[in-house]
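Participant: What follows is a predicted protein model with its sequence.
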Amino acid sequence: MSKDNPGQEGRFKLAVKKRDVVCQVCFKADNLEVHHIVTRNNKFLKYDMNNGILLCADHHVYSPVFSAHRTVRLFLDWFENRYPERWEYLQRHKNKVFHKELEVQKVNKK
Ligand SMILES: [Zn+2]
(Lines give C-alpha, C1' and ligand atoms only; values in the text may rest on other atoms or scores of the structure.)
Protein backbone atom coordinates (compact mmCIF):
# COMPACT_ATOMS: atom_id res chain seq x y z
CA MET A 1 0.00 0.00 0.00
CA SER A 2 1.23 3.46 -0.83
CA LYS A 3 2.01 6.08 1.75
CA ASP A 4 0.17 9.36 1.98
CA ASN A 5 1.86 12.34 0.50
CA PRO A 6 0.51 15.72 -0.51
CA GLY A 7 1.08 15.13 -4.22
CA GLN A 8 -0.83 11.87 -4.32
CA GLU A 9 -4.26 13.41 -3.73
CA GLY A 10 -3.59 15.98 -6.46
CA ARG A 11 -2.45 13.35 -8.94
CA PHE A 12 -5.47 11.18 -8.19
CA LYS A 13 -7.89 14.08 -8.75
CA LEU A 14 -6.14 15.08 -11.94
CA ALA A 15 -6.31 11.53 -13.28
CA VAL A 16 -10.06 11.28 -12.54
CA LYS A 17 -10.65 14.66 -14.23
CA LYS A 18 -8.73 13.57 -17.30
CA ARG A 19 -10.69 10.33 -17.56
CA ASP A 20 -14.20 11.66 -16.85
CA VAL A 21 -13.87 15.21 -18.28
CA VAL A 22 -17.44 16.27 -17.37
CA CYS A 23 -19.96 15.60 -14.60
CA GLN A 24 -20.90 11.95 -15.04
CA VAL A 25 -24.51 12.66 -14.13
CA CYS A 26 -25.39 15.75 -16.19
CA PHE A 27 -22.32 16.18 -18.42
CA LYS A 28 -21.80 19.77 -17.38
CA ALA A 29 -18.21 20.95 -17.61
CA ASP A 30 -17.99 23.51 -14.82
CA ASN A 31 -17.72 23.47 -11.03
CA LEU A 32 -16.30 19.97 -11.18
CA GLU A 33 -15.23 18.04 -8.11
CA VAL A 34 -13.88 14.55 -7.51
CA HIS A 35 -16.02 12.32 -5.34
CA HIS A 36 -14.94 9.13 -3.58
CA ILE A 37 -17.60 6.41 -3.85
CA VAL A 38 -16.23 4.62 -0.81
CA THR A 39 -15.17 7.17 1.80
CA ARG A 40 -11.65 8.49 1.55
CA ASN A 41 -11.14 7.16 5.08
CA ASN A 42 -10.72 3.83 3.34
CA LYS A 43 -6.99 3.99 2.81
CA PHE A 44 -6.97 1.04 0.47
CA LEU A 45 -9.33 2.67 -2.06
CA LYS A 46 -8.40 6.28 -1.44
CA TYR A 47 -6.40 6.71 -4.64
CA ASP A 48 -7.99 3.93 -6.67
CA MET A 49 -9.40 5.16 -10.00
CA ASN A 50 -12.37 2.81 -9.64
CA ASN A 51 -13.34 4.74 -6.54
CA GLY A 52 -13.20 8.23 -8.03
CA ILE A 53 -15.85 9.98 -10.09
CA LEU A 54 -16.11 13.47 -11.49
CA LEU A 55 -19.26 15.37 -10.51
CA CYS A 56 -20.45 18.96 -10.70
CA ALA A 57 -20.92 20.66 -7.34
CA ASP A 58 -24.70 20.13 -7.55
CA HIS A 59 -24.49 16.41 -8.12
CA HIS A 60 -21.66 16.08 -5.65
CA VAL A 61 -23.05 17.97 -2.68
CA TYR A 62 -25.92 20.39 -3.21
CA SER A 63 -28.84 18.86 -5.06
CA PRO A 64 -31.53 17.59 -2.65
CA VAL A 65 -32.97 15.59 -5.55
CA PHE A 66 -29.85 13.74 -6.64
CA SER A 67 -26.37 14.15 -5.22
CA ALA A 68 -23.65 11.93 -3.88
CA HIS A 69 -23.80 13.43 -0.41
CA ARG A 70 -27.49 14.25 0.05
CA THR A 71 -29.20 11.30 -1.62
CA VAL A 72 -26.57 8.68 -0.86
CA ARG A 73 -28.71 5.63 -1.51
CA LEU A 74 -30.05 6.92 -4.82
CA PHE A 75 -26.57 7.87 -5.88
CA LEU A 76 -25.10 4.46 -5.05
CA ASP A 77 -27.94 2.71 -6.92
CA TRP A 78 -27.21 4.88 -9.93
CA PHE A 79 -23.50 4.14 -9.71
CA GLU A 80 -24.11 0.41 -9.41
CA ASN A 81 -26.30 0.41 -12.54
CA ARG A 82 -24.00 2.56 -14.56
CA TYR A 83 -20.67 0.97 -13.54
CA PRO A 84 -21.48 -2.59 -12.46
CA GLU A 85 -17.88 -3.73 -12.84
CA ARG A 86 -16.49 -0.90 -10.75
CA TRP A 87 -19.20 -1.45 -8.16
CA GLU A 88 -18.27 -5.12 -7.94
CA TYR A 89 -14.63 -4.19 -7.57
CA LEU A 90 -15.38 -1.74 -4.77
CA GLN A 91 -17.53 -4.29 -2.97
CA ARG A 92 -14.72 -6.82 -3.18
CA HIS A 93 -12.08 -4.42 -1.90
CA LYS A 94 -13.82 -2.11 0.52
CA ASN A 95 -13.89 -4.65 3.31
CA LYS A 96 -10.16 -4.64 3.44
CA VAL A 97 -11.05 -1.65 5.56
CA PHE A 98 -14.55 -1.88 6.93
CA HIS A 99 -16.83 0.95 5.87
CA LYS A 100 -19.90 1.20 8.05
CA GLU A 101 -21.84 3.77 6.03
CA LEU A 102 -21.89 1.68 2.87
CA GLU A 103 -22.99 -1.38 4.85
CA VAL A 104 -25.95 0.59 6.17
CA GLN A 105 -26.85 1.61 2.63
CA LYS A 106 -26.82 -2.00 1.46
CA VAL A 107 -29.03 -3.11 4.34
CA ASN A 108 -31.54 -0.32 3.67
CA LYS A 109 -31.86 -1.42 0.06
CA LYS A 110 -33.45 -4.74 1.00
ZN1 LIG B 1 -23.88 17.31 -12.62
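Facilitator: Arrived safely. From a predicted model like this one, the values you see are computed outputs, not experimental measurements. Numbering: from 1, shown residues only.

Participant: element containing the nearest residue to Trp87 once chain neighbours are set aside, please.
Facilitator: Leaving out its chain neighbours, the residue that sits closest to Trp87 by C-beta to C-beta, 6 or more residues apart in numbering is Glu80, at 4.4 Å. C-beta here means a position set from N, CA and C on the backbone, and glycine is covered the same way. Assigned by DSSP states H and E, Glu80 belongs to helix 72-82.

Participant: name the helices or strands packed onto that helix?
Facilitator: Packing contacts for helix 72-82, counted by 3 or more C-beta pairs under 8 Å, 6 or more residues apart in numbering; DSSP states H and E, involve helix 84-94, helix 100-109.

Participant: worst average pLDDT in those?
Facilitator: Averaged per stretch, pLDDT over the helices and strands packed on helix 72-82 is lowest on helix 100-109, reaching a mean of 58.

Participant: For burial, what's the neighbour tally of Arg73?
Facilitator: By the criterion of other C-beta atoms under 10 Å, Arg73 has 12 neighbours.

Participant: and the gap between it and Val65?
Facilitator: 13 Å (C-beta to C-beta, to the nearest Å).

Participant: got it, and Lys13?
Facilitator: 26 Å.

Participant: Tell me which of the two has more neighbours.
Facilitator: Lys13 (16 against 10).

Participant: Just list the residues touching that one, thanks.
Facilitator: By C-beta atoms under 8 Å, 6 or more residues apart in numbering, Lys13 lies in contact with 34, 52.

Participant: Which helix or strand contains it?
Facilitator: Counting by DSSP H and E, the element that carries Lys13 is helix 6-20.

Participant: So Asp30 belongs to a strand, correct?
Facilitator: No: going by DSSP: H, G, I helix; E, B strand; the rest coil, the assignment for Asp30 is coil, not a strand.

Participant: pLDDT wise, what is Val61 at?
Facilitator: Val61 carries a pLDDT value of 98.

Participant: Neighbours of the nearest residue to Ser67 once chain neighbours are set aside, how many?
Facilitator: Counting by C-beta to C-beta, 6+ apart, Ser67 lies nearest to His59, which is 5.3 Å off, once chain neighbours are set aside. His59: 28 surrounding residues under other C-beta under 10 Å.
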